[in-house]
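Engineer: give me a model of this one.
(2 chains)
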Number of protein chains: 2
Amino acid sequence: MSRAITILGATGSVGRSTLDVVARHRDAFTVSALVGGRDAQALAQAARESGARFAALSDASRHAALREALSGSGIACGAGPEAVAEAVARDADVVLAAISGAAGLKPTFDAMKPGRAIALANKECLVSAGDAFMARARALGVPILPVDSEHNALRQALAAGRIEDVVSLTLTASGGPFRTWNAQAIAAATPAQALKHPNWSMGAKITIDSATLMNKGLELIEAGHLFGVGADRLHVVVHPQSIVHGLVYWRDGSITAGLGAPDMRVPIINALAPATGRLDFDAPRLDLAAIGALSFEQPDLERFPCLALAIGALERGGAEPTVLNAANEVAVAAFIAGEIGFSLIAVTVEQACEHMVGEWRSPPADIETALALDAQARNVARKMVESARARAS
Amino acid sequence: MSRAITILGATGSVGRSTLDVVARHRDAFTVSALVGGRDAQALAQAARESGARFAALSDASRHAALREALSGSGIACGAGPEAVAEAVARDADVVLAAISGAAGLKPTFDAMKPGRAIALANKECLVSAGDAFMARARALGVPILPVDSEHNALRQALAAGRIEDVVSLTLTASGGPFRTWNAQAIAAATPAQALKHPNWSMGAKITIDSATLMNKGLELIEAGHLFGVGADRLHVVVHPQSIVHGLVYWRDGSITAGLGAPDMRVPIINALAPATGRLDFDAPRLDLAAIGALSFEQPDLERFPCLALAIGALERGGAEPTVLNAANEVAVAAFIAGEIGFSLIAVTVEQACEHMVGEWRSPPADIETALALDAQARNVARKMVESARARAS
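Structural biologist: Here you go, the predicted structure:
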């Protein structure tokens, strides 16, 4: 019995790792549909190689290019919102949701259907609209299987008991490229320096988020929704080797943990596997004796204020995580574009949250509210970026 | 609904830790029966404090002393094999089996009954008669809940999947007090030096076994029976901090692990808890950042030949683990008594195994065969100890 997979975000980092996993298990998986952004060549090649039945680009203007790239393949295709909706509607046992950013919200929400599982790599569904997302998943009986290595590890470690018996969950953070830098050096960091992640090969946005530790903060918010635990039961420890991904502290003093080599394909194949059992993946065997030592340290909220901001948003809840995430996306894009310095990312996020906290108190009850809030927060953050640039020039 | 507990080996190290756990949860547990060896005062005190209904000593000659120590308490008591049998027969939901050595075999076998669980701390049931023990547990539907921290950790880490999907299990070893000593220094080690365990406070026999690493070898043999995996799927890694107790390597590249502070009460309360959930135990919170680093290294089979002998016995199976264990018990006792040097422990075990390998090929099919083999191996080992002493004098 092969499982039919649809991949939203097929040409991104997680999407390509997923296609690699699927290619290793042709007997276990068939590909129903692939959704990309605007890269017609990459999507067409992925569709041909994986034997996908349907391919869609979200950018409607790329329809002709995609059709041409797929000519003779017999693979149906489309572009624009209707084509994405068709891809999402097609039969699938599991939908891997890896469209990053707020753009992933609507297709991932739409992909939730009874009898289907969502392998979730998009953060925004949980960060920007977590209450609405999880309520819909519960209502439809859709399992949400985290693809992030930390949450995937926690899900496995949580198999040892009931969530009521959990004292706390700890997510590990690599600490990013600036873990050992002083505050002054961090403030002067360039995009090129921030894009050098010590352990993981990922997209640019998430790599910057790893450098600010905002990524770990967003993961705390995700974990809260995924596992139904509050801020008081969620912790972060810095672990530069990224071998231990997450730990569960149980009320009886036992601790279970999820570990693995830093290879995204490990949590992906775990999330895609059928309920009956795990599939083979010959990751390089993790030899602890060869690694020698695993080290741990407290995160420094002074040098990494983005983590403090995210923890604050997690604690206060309401609309703040949505605003935090949108403002962060704008600020990180501005940093990558060279518009603002590294330390302005946190400043922009903090100011956006402060600016909007009076207006939006309750968490978005649906995706439309989340998207409206997201858009407004982006505008606010964008204005802050502009005035920062004006001040700097 | 409180659980009725019977403790076999109530005055030993594990037994006392169990009584401490029970005392912290008076609402969760009642004590049905306590069994000790020959210390009437200690058993009587434990029975009074825990509100036990029945107390038995295995040493029949201590009956009067026990009766006197319990006078006025209203607690029934006895001494000798019939009294132990009565303790074992009394109603209990879970029997904690912590009589160490071959002496624990019969009462633990007898304690297996339908509708009851065995919390197992005795090694010999699995090492000396593992096939017979597990067959009986399966036939009676008796869950065997390991109390050893390593096996308890593995059991929790194994909750994340099916045993068929396990590539391998790794048990950690502290490395004992001689981890960093050279071979010459180890050979000259005194009992006092060997009894200084870096992390755990345990009985003398098991502390010496930790110094030789035989303890870890016996645990590998136990793990093979408990979890139904062969020698090729069982590994040891030295981990001086004793924080990570066991790791499960899954076929999909994921790894789950069980961790905890080195406190025997943690696995004990885990094993005693009802199936419905965990009980509270406020172990000191394991703060990885405060610990700083967890280190790992390959075990050195040259300096610690007892581990190599146990791995050989695990691989060859049959009667060898029974012989190995019996010979080791004699050799360790002789070392503690100052009769032989530290390096003679491994020599004695190896020679006993070689001496008896022709006669006994298949694993003991029942407890009587195991005990007969055990007795014969002890005689052989004892003779080897005597001739070593004769040579040395």
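
Engineer: domain map for chain A?
Structural biologist: A:3-146, A:148-263+A:279-301, A:317-393 (automatic domain parsing).

Engineer: nearest to residue B:281, out of those?
Structural biologist: Minimum separation from residue B:281 across the domains of chain A (Cβ to Cβ) falls at domain A:148-263+A:279-301, 4.5 Å. Using the backbone N, CA and C atoms, a C-beta is placed for each residue, glycine as well.

Engineer: quick check: mean pLDDT of the closest one?
Structural biologist: Averaged across domain A:148-263+A:279-301, pLDDT comes to 93.

Engineer: extract the C-alpha set from stretch A:119-136 and format it as PDB.
Structural biologist: C-alpha atoms of stretch A:119-136 as PDB (Å, rounded to 0.1, in the frame of the first residue of the first chain):
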ATOM      1  CA  ALA A 119       3.200  16.800   7.800                       C
ATOM      2  CA  LEU A 120       3.800  20.400   8.900                       C
ATOM      3  CA  ALA A 121       6.900  22.400   8.000                       C
ATOM      4  CA  ASN A 122       5.200  25.800   7.700                       C
ATOM      5  CA  LYS A 123       5.700  27.700  11.000                       C
ATOM      6  CA  GLU A 124       3.100  30.400  10.400                       C
ATOM      7  CA  CYS A 125       0.100  28.100  10.700                       C
ATOM      8  CA  LEU A 126       0.900  27.600  14.300                       C
ATOM      9  CA  VAL A 127       2.600  30.900  15.100                       C
ATOM     10  CA  SER A 128       0.200  33.300  13.300                       C
ATOM     11  CA  ALA A 129      -3.000  31.300  13.500                       C
ATOM     12  CA  GLY A 130      -2.300  28.500  16.000                       C
ATOM     13  CA  ASP A 131      -5.600  28.500  17.800                       C
ATOM     14  CA  ALA A 132      -7.600  28.400  14.600                       C
ATOM     15  CA  PHE A 133      -5.300  25.900  13.000                       C
ATOM     16  CA  MET A 134      -5.300  23.400  15.900                       C
ATOM     17  CA  ALA A 135      -9.100  23.800  16.400                       C
ATOM     18  CA  ARG A 136      -9.600  22.900  12.700                       C
END
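
Engineer: quick check, it touching chain B?
Structural biologist: No - shown here: stretch A:119-136 not in contact with chain B (Cβ under 8 Å from any Cβ of the partner chain), separated by at least 13.4 Å.

Engineer: pLDDT of that stretch, averaged?
Structural biologist: Summarised as a single mean, pLDDT over stretch A:119-136 is 95.

Engineer: list the buried ones in it?
Structural biologist: Across stretch A:119-136, burial judged by 16 or more other Cβ atoms under 10 Å in any protein chain shown covers A:119-134, A:136.

Engineer: and for stretch A:318-332?
Structural biologist: In stretch A:318-332, counting by 16+ other Cβ under 10 Å, buried: A:319-332.

Engineer: which residues in the stretch 201-350 of chain A form strands?
Structural biologist: With strands called from DSSP state E, counting those that start in this stretch, the stretch 201-350 of chain A shows them at A:234-238, A:244-250, A:255-259, A:293-295.

Engineer: for the stretch 51-200 of chain A, that is, sorry about that
Structural biologist: So, for the stretch 51-200 of chain A - with DSSP E, counting those that start in this stretch - the strands run A:54-57, A:76-79, A:94-97, A:117-120, A:144-146, A:166-173.

Engineer: tell me which of the buried residues of stretch A:318-332 fall in helices.
Structural biologist: Per DSSP state H, helices hold the following members of the buried residues of stretch A:318-332: A:320-332.

Engineer: among those residues, find me the one that's closest to residue B:376.
Structural biologist: Of those, the one sitting nearest to residue B:376 (Cβ to Cβ) turns out to be residue A:321, at 69.6 Å.

Engineer: which residues of the stretch 51-200 of chain A lie near chain B?
Structural biologist: Contacts of the stretch 51-200 of chain A with chain B, taken as Cβ under 8 Å from any Cβ, map to A:152-153, A:156-157, A:159-162, A:164-165, A:170.
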